[in-house]
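In: Sequence first, predicted coordinates after that:
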Amino acid sequence: MAGLYKYDHGERFEQHGFYNLLVFLAIYIPLNLVLGVLYVLWRKVDRFPAYFAVVVLVGGIYVSVSLVHYRKVFDQGLRGSFDYSLDECTWSGRNIPFVDILPAGTQNFWAGSMHCKSEPQRIDVNIDENGVLTVHCETPGSNVLIDILPETREWPLRDKDIWSTCNHMVIERTQHLEYYNDIPFVLNDTTQTVVVRCGSSSTLVSRVAPPVSKLPVYTPPQDSDTRTPNTTSIRVSPDILHSNRKSPNVIYLMLDAVSRRQFHRQLPHSAHILRTLHQPDVSQITELFRYHSVGFSTDNNTKAMFLGDIYPKKRNTLPIWAYFRDRGYITARVESGCEDWAKEYNGHNYPQQDFAVSNRSLDYELTAPFCLPEFYPSVGNPFGNFKGPYSIIARCLFGRYLHEWAFDYLYKLRRELRPQPAMPQKARKHRPYMITVALMEGHEGTGEVLRTLDDALAAFLKDMRDSGELDDTVLIIGGDHGLHMGLNFAYTQNGRIEHQNPFFAMS
């Protein structure tokens, strides 16, 4: 065991060493216990082989019937089933979805709770429109401490390396101040998130800063203006360039490592609400069924999404947010894994690491809260099995699921970006927006943590539907690839099919 641990200690995409070790233990120990119990029963119980044969027969019938059912379910989507055609591609190999038989929680029940431990909230916090922070602490005699988290959007690439610097930079650049009731606490115009601590209670407070009303229309630099033909390799249709139609808003939720079937398996509530978004006179749902992964992991798949090119030949290639921003869109990105996409997956494309890609591409960025040591370990391996963005248990921050903080900010963004009925007519000028949110709950070996996302995602979808935003908003929910670790991927053809069949739906 010590030799195996020393040999297989990697955490990068192709290795996942700690998880592989856990899988070995999860199979080795229970299997030997079962064999030991069966041996004792065989020695102690009369006619045990006959009883055992009956159990195996009944269990085999149940499994066979279930597999027939789940093979039919596999091809079902939001609005019907996948239609096979002899002249088109089909699944490679025999697709037997054993993983569908497993009850929820089977693969990580031993790891710990899938719920966040509730923390006593004795803090009432408010930030008014002038940026004045007001705190009421219900714990007598406790000092109120404010952590002002840094704005990461303007940071150069060299400060955003996920493997060594990004989370440490957030910690080092966080300001720690004391709050006094008799002195107004005014936040900087660009401060978006603060942590308020009072006694044993802590909470995160976010806002959209600066307000959209104070955000000037962006003018791209001439040498990188993506509207100039010689600066871009992406071809934009003339019909789009010269269309008189109002530009639609775009919201893209990226579900890391989530296959199409896994979405339906682990997020049933969200899938149900997503079906109701199909309203022929308002919006239609389109879902992809076939193979459409172009690489093993996040690297190539997200390059295809955000660069339009897996192997860009030009230097200083700008990601898709810059293309939208150059065309008048307000752009925003939420990274719930404490990583910067441009640095992690395209950083080698920039000779000068002092270039701030986010500052060039984005109006708003939320990363810092997801780098806090309460969630993202600041010492040792940050990508372990029991804490951090790849953990096999619930990912929590201050008593709430991590993704709930991301959805809170997304809700505030939507409220801030959309013209409100109470606004004066002159102030209700439409500025289209493009928002991406990266959600990491699918990126872990058991495939179970994704279930924790269901309620929050379903609530978001319901709010999008009921608010009428789908009238002028393109909503995309998609995975970069299916699950690429764990027992199903390692040992079954179904796992390999799901890996290349990520979920994708657009309304």
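Out: Here it is on my side, so go on. Keep in mind it's a predicted model, so treat the numbers as computed, not measured.

In: Residue 252 contacts residue 433, correct?
Out: No. Between residue 252 and residue 433 there is no contact under CB atoms under 8 Å: 11.5 Å. Every C-beta, even on glycine, is put in place using the N, C-alpha and C of the backbone.

In: Pick out whichever of these two has more residues nearby.
Out: More crowded of residue 252 and residue 433, by other CB atoms under 10 Å: residue 433, with 24 against 19.

In: From residue 260, how far off is that one?
Out: Noted for residue 433: a distance of 28 Å to residue 260, by CB to CB, to the nearest Å.

In: And for residue 498?
Out: Taking CB to CB, one finds residue 498 at 8 Å from residue 260.

In: now do residue 357
Out: 31 Å.

In: The most centrally placed residue in the chain bridge partners, please.
Out: In the chain, the residue lying closest to the centroid (CA atoms, centre = their mean) is residue 439, at 0.7 Å. Taking DSSP bridges as the rule, residue 439 bridges to residue 255.

In: close enough to count as contact, it and residue 254?
Out: Yes. Between residue 439 and residue 254 a contact is recorded at 6.8 Å, counting by CB under 8 Å.

In: contacting residues around residue 430?
Out: For residue 430, the contact set (CB atoms under 8 Å, 6 or more residues apart in numbering) comprises 246, 419.

In: Repeat that for residue 396.
Out: Neighbour list for residue 396: 116, 117, 375, 402 [criterion: CB under 8 Å, 6+ apart].

In: will you turn the residues you listed into JSON lines that also has distance to residue 396, secondary structure and neighbour count?
Out: Formatted as JSON lines, the contacts of residue 396 follow (distance: CB to CB, whole Å; DSSP: H, G, I helix; E, B strand; the rest coil; neighbours: other CB atoms under 10 Å):
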{"residue": "116", "distance to residue 396": "4", "secondary structure": "coil", "neighbour count": "17"}
{"residue": "117", "distance to residue 396": "7", "secondary structure": "coil", "neighbour count": "8"}
{"residue": "375", "distance to residue 396": "7", "secondary structure": "coil", "neighbour count": "22"}
{"residue": "402", "distance to residue 396": "7", "secondary structure": "helix", "neighbour count": "24"}
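
In: Confidence-wise, which of those residues comes last?
Out: pLDDT across those is lowest for residue 117, at 84.

In: mind checking pLDDT for the closest residue to it other than its chain neighbours?
Out: Using CB to CB, 6 or more residues apart in numbering and skipping the chain neighbours, the partner closest in space to residue 117 is residue 399 (6.6 Å). At residue 399, the model reports a pLDDT of 92.

In: What of residue 3?
Out: 53.

In: Please name the spatially closest residue to residue 207 (chain neighbours excluded).
Out: Per CB to CB, 6+ apart, closest to residue 207 is residue 127, 5.3 Å.

In: Outline the domain layout of the protein.
Out: 2-101, 116-215+270-419+431-507 (automatic domain parsing).

In: which of these is buried the deepest?
Out: Highest mean neighbour count among the domains of the chain (mean count of other CB atoms under 10 Å): domain 116-215+270-419+431-507, with a mean of 19.

In: That one: end-to-end distance?
Out: Terminal residues of domain 116-215+270-419+431-507 are spaced 32 Å apart (CA to CA, to the nearest Å).

In: One more: stretch 363-376?
Out: Distance between the two ends of stretch 363-376: 25 Å, counting by CA to CA.

In: That one: how far from the chain's middle?
Out: The chain centre lies 13 Å from the centre of stretch 363-376; the measure is CA atoms, centre = their mean, to the nearest Å.

In: what does stretch 131-144 give?
Out: Relative to its chain's centre, stretch 131-144 lies at 32 Å (CA atoms, centre = their mean).

In: from now on call the first residue 34
Out: Will do, 34 is the new start, and the previous item becomes stretch 164-177.

In: That stretch: end-to-end distance?
Out: First residue to last in stretch 164-177 (CA to CA) measures 18 Å.

In: average model confidence for it?
Out: pLDDT averaged over stretch 164-177 gives 86.

In: where in the stretch 234-383 of the chain is pLDDT low?
Out: The model of the stretch 234-383 of the chain has pLDDT under 70 over residues 263-278.

In: what's the closest non-adjacent residue to residue 293?
Out: Residue 293 sits nearest to residue 536 (CB to CB, 6+ apart), 4.5 Å away.

In: How about the contacts made by the residue nearest to residue 240?
Out: 166, 167, 220, 238, 240.

In: Kindly report the same for residue 327.
Out: 333, 334, 337, 343.

In: Out of the residues you listed, the closest to residue 111 would be?
Out: Nearest to residue 111 out of those is residue 334 (CB to CB; 21.6 Å).

In: quick one on the thing from earlier: which one of the domains of the chain has the lowest average pLDDT?
Out: Comparing mean pLDDT across the domains of the chain, the weakest is domain 35-134, with a mean of 74.
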